[in-house]
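**Q** Have a look at this prediction, sequence included:
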Amino acid sequence: MVNASKQLIAGLGVLMLFAVLSASCYAMDYPDEVEIDSLANLYEPVVFDHAMHVDATESCAECHHHTTGTEVINEYCAKCHTGTVEMDAVSCQDCHSADPVSPENLHHPKPGYSYHNDQPNLKAAYHLNCLGCHQEVGGPTGCEDCHVKTEAGDKFYRSGEFAPKEPAHSSEH
Amino acid sequence: MSKITRRRFLAGSAAGGAAIMLTPAKKALAAGSFEGFPDGMGVLVDLTRCVGCRTCEAACNAEQNLPEPAKPFDDTSVFDEIHHGQKRRTTDKAYTIVNRYEPKDSDEPVYRKIQCNHCNEPACLTSCFVNAYKKTPEGAVIYNEKVCVGCRNCMIACPFHIPAYTYHSVLNPVIKKCIFCYDTRLKEGRPPACVESCPQQVMTFGKRKDLMVIAHERIKKNPGKYVDHVYGEKEVGGTGWFYLSSAPFEEVGFDVNLPKKPIIDNVKDFLAIVPIVLTVWPALFTGFHLLATKGKSHGHGDDHSHDEQEGH
Amino acid sequence: MKKLETFGIKPHDALLKAEGQQWSLMEKLLLGLTLDQYIGQAFRNKLNWLLAIIFAIGIPVILYRFVFSLGSITHGSYDYPWGLFLGFGLFCMVPLSASGFMLGTTVEIFGRHDFEPIERLALLNGLLGYFFAVVYLLVDLGQPWRLSYPMVYSFGPAAVLFLVGWHVATYLSVQVAEVSTAFFEWIGFKRGYDFIRKGTIGLTVSGVILSTLHQGALGALFLYAPGKVHPLWYSAPFQWIHFFTSSIPAGLCMVICVSTIVIYTMKWRCDQRFIDNLDWITIALAKGAAMGLSTYLIIKLIAVAHDNEWAYLTTGWGAWWLLEIIGFVVLPLVILSYGIHNKLVGICRIGAFLTVAGILLNRLNTALIAFNWQLYQEIPHYLEFIVAITIFAIYVATYRFILARLPILYKFKPQAEE
């Protein structure tokens, strides 16, 4: 099981939005589908329907903060990022490190750190963004609504064929 | 005063002296208030992010090689479990537990993860009579199972009801609790398994003092989102793991009546009298003896030579 | 035994037989009776039958605990790590055994040799109470074979329990030394007797020191759990004073209780000196207990006032607390005062029994009933009750065994009378 969780972490290092390489999605130059496979150990890769989400949202900034050139929504970001300038870095992993507490990240903060010191890691950036919105708009929120658990996942969560055999009893009397 | 009296006086003092030596260095106890190691690590737990997926419980189970759980870790029916009117708590088989709460003014449930809070000045540590516990410079509260006698005083002392006991072990029952993954991770500067596994980054790992700044910034940056309190900043002298919540802390299972001072401070009044009793009592009571028996026999009724001693 | 006395048989009570020979150890153990006589009286004794039943059930349960773990006979509760074994066994037995140091102080330090007839009973009561508190502790500890760790292997000197452990251990040896004088007399080891007698003052003074500290320390143990113990039973500055002051009436009243039981059930073993002096001694002890009790009551009220906990009195817990204070502190105080004033020994004895019950209630309240008042109340496992009762029965049996033999209730004579 130790292995499984290690792989989970290793998986985080894998960049996910590999199709998002274009400079601007504002110009409709964006991928229609994105395969996210960072958790591909415990879960099958997620095929993210980017086109559908573009249609469903009013602005790229709902997910992409100030990076796509659309008007900045978040008041805190807007304090500095006033203009509608497209950034080179658009995809999530360009800014959200997979492992922000790695020794090098801890000791060598990136420029602008003082305002971005509370950045979620990549996995959290996805989940906080997706799940946060899904909860608000009533989208799917269950883990397996988005990604299908693998055998390694069942083993990790002790579910499916790895579920406890004993009838459920509590450790307390 | 007779010779016997003098000798008895000395015997009394000697016994008192022996008693002092028998209670070694009554202490280190006045250790002052310890604020924690300056570079100690901590974890900021933001309850607003937790969705109750229990991945942290699964990760803990795997990392610590804990026994098979009663139910799968993706089974959310555990949130409805009630024992003695209480929600689930940490056990010798589960060092971290997530519980669900329904605060009054919230439509959404709030989930709260519990585990050892790794206090700056841990009550468990100060209550342990074999000194099994240790607060490491890295910030973890760890313990040495090899000296645990099993008095369970630390379970009494812990204000967060965290340490558990392997009651069903015959030959080697010991205390069990979260150790911040000290042996396998923290020692090498890596975050504990639960923190790393969390999909929502409910927990942020870092130096305690840095995280405290971030915690207050989050409150400031998101007006109205959080209760303006960092639970664990001051509670029982400060804890290594501390919490942000959108719901009042008392509604999501926290004890909000805990003292701000370390638990040991309650005991210091008593510990302070120990040296006084040890030094003053022998003199006082031997003095009483001399006064009370002045001019009387110093013998004893059971002593058959009682009558002969009458002459002193 | 009473029956035998009517036949003119007298128990062993002197160094030499009436004929001038030494008693053999076997004869001493059999109280100077023949084996048939001894077995006969043992079978006639109803208490023996009761004890036999308790042992038959309880001793297998104790063995079961050591073979199948503590969790097999308790609920194994994480929220109530201390159950009956400590709640009753340690926290109740220790204050009830405070008699040793108090009578020791009275007789040896204050030179009140008129209390001597009861001194040894008080010392024995202290020794056995502590000893069995340790027995309870051994049953409760997860790894009793590591009991010596805080003494020799791994020190936690900042812990209150460390102090309790050290003091109980040292005090136990002090008490063994104090009571050993009776034992040395009994086996006829004059030099040992003389040796211990010389150190009496030293032993007594260290007894006072150790007692003051660990009686208080037992209270201070709960200072680790502010929030868990109900505020009415918790007071950071006063907790140790409560435990210490209440141990004074507890110990004195326990001696009254034991002497009452003894005078009604073991009169054959008491000598005339004990019988003649018991009434005024009982009243004198009651006087001491009443003073201790009133001090305790006042400090108890001061603590409530100091922490401003009056509001709690209107709650259910407040009612329970008032019952403890009025029914088991004020009421016995009134009864004792009435008994003392009118020199009524029987009334004093009733007051003493009530006081002892009050101490039991107080300690159980602090350790178990009002503990975790914000969580839930737990009723210990029935096997836990059985073990607790069994150990208490062993305590009673040991107590009686020693009282019947050693010169506790009687003065050892150089030679038996015809």
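**A** Sure, I can see it.
**Q** and the gap between B:C178 and B:I114?
**A** Separation of B:C178 from B:I114 (Cβ to Cβ, to the nearest Å) stands at 9 Å. For the C-beta atoms, the positions are set from N, CA and C on the backbone; glycine is no exception.
**Q** And for C:S173?
**A** Taken as Cβ to Cβ, the span from C:S173 to B:I114 is 44 Å.
**Q** More neighbours: these two, which one.
**A** In this view C:S173 and B:I114 are compared by other Cβ atoms under 10 Å in any protein chain shown, and B:I114 has more residues nearby, 22 against 13.
**Q** Which strand residues bridge the more buried one?
**A** B:I97 (DSSP bridges).
**Q** ok, now which ones touch it?
**A** B:89-90, B:96-99, B:160, B:162, B:253 (Cβ atoms under 8 Å, 6 or more residues apart in numbering or on different chains).
**Q** which of those residues tops the neighbour count?
**A** Neighbour count (other Cβ under 10 Å) singles out B:I162 as the most crowded of the contacts of B:I114, with 27 neighbours.
**Q** Hmm, that one is touching B:C119, no?
**A** No: using Cβ atoms under 8 Å, B:I162 is not in contact with B:C119; the gap is 9.9 Å.
**Q** Run the contact check for the helix or strand containing C:A319 versus chain B.
**A** Element membership for C:A319, per DSSP states H and E: helix C:316-322. No: using Cβ under 8 Å from any Cβ of the partner chain, helix C:316-322 stays clear of chain B, coming no nearer than 15.0 Å.
**Q** my read: A:H50 touches A:D29, true?
**A** No: the criterion here is Cβ under 8 Å, and A:H50 misses it with A:D29 at 11.8 Å.
**Q** Give me the more crowded residue out of the two.
**A** Shown here are A:H50 and A:D29; by other Cβ under 10 Å, A:H50 has more neighbours (18 against 10).
**Q** centre of the chain versus stretch C:162-177, how much separation?
**A** Computed by Cα atoms, centre = their mean, to the nearest Å, the chain-centroid distance of stretch C:162-177 equals 15 Å.
**Q** Now tell me what touches that stretch from outside.
**A** Residues from elsewhere that reach stretch C:162-177, judged by Cβ under 8 Å, 6+ apart: B:19, B:22-23, B:26, B:129, B:274, C:94, C:100, C:123, C:126-127, C:130-131, C:133-134, C:150-151, C:155-156, C:196, C:199, C:203, C:206-207, C:210-211, C:213-214, C:217-218, C:221.
**Q** Show me just the buried residues among these.
**A** Buried members of the contacts of stretch C:162-177, counted by 16 or more other Cβ atoms under 10 Å in any protein chain shown: B:19, B:23, B:26, B:129, B:274, C:94, C:100, C:123, C:126-127, C:130-131, C:133-134, C:150-151, C:155-156, C:196, C:199, C:203, C:206-207, C:210-211, C:213-214, C:217-218, C:221.
**Q** From the residues you listed, which land in helices?
**A** Within the buried ones among the contacts of stretch C:162-177, residues falling in helices by DSSP state H are B:19, B:274, C:94, C:100, C:123, C:126-127, C:130-131, C:133-134, C:196, C:203, C:206-207, C:210-211, C:213-214, C:217-218.
**Q** any chance you could map the helices in chain A?
**A** For chain A, the helices defined by DSSP H cover A:2-13, A:50-56, A:61-64, A:75-78, A:92-95, A:103-107, A:122-137, A:143-146, A:151-157.
**Q** ignore the last one, the stretch 51-200 of chain C
**A** Taking DSSP state H, counting those that start in this stretch to define them, one finds helices in the stretch 51-200 of chain C at C:84, C:93-96, C:99-104, C:116-140, C:160-187, C:190-198, C:200-220.
**Q** Residue of chain C closest to chain A, please.
**A** Closest to chain A within chain C is C:H75: 5.3 Å, counting by Cβ to the nearest Cβ.
**Q** picking up where we left off before, mean pLDDT lowest for which of the helices of the stretch 51-200 of chain C?
**A** Lowest mean pLDDT within the helices of the stretch 51-200 of chain C: helix C:190-198, at a mean of 80.
**Q** From the contact counts, what lies against that one?
**A** Packing partners of helix C:190-198 (3 or more Cβ pairs under 8 Å, 6 or more residues apart in numbering or on different chains; DSSP states H and E): helix C:160-187.
**Q** If we go by neighbour counts, what in the helix it packs on is buried?
**A** Here helix C:160-187 shows C:160-172, C:174-175, C:177-186 as buried, counting by 16+ other Cβ under 10 Å.
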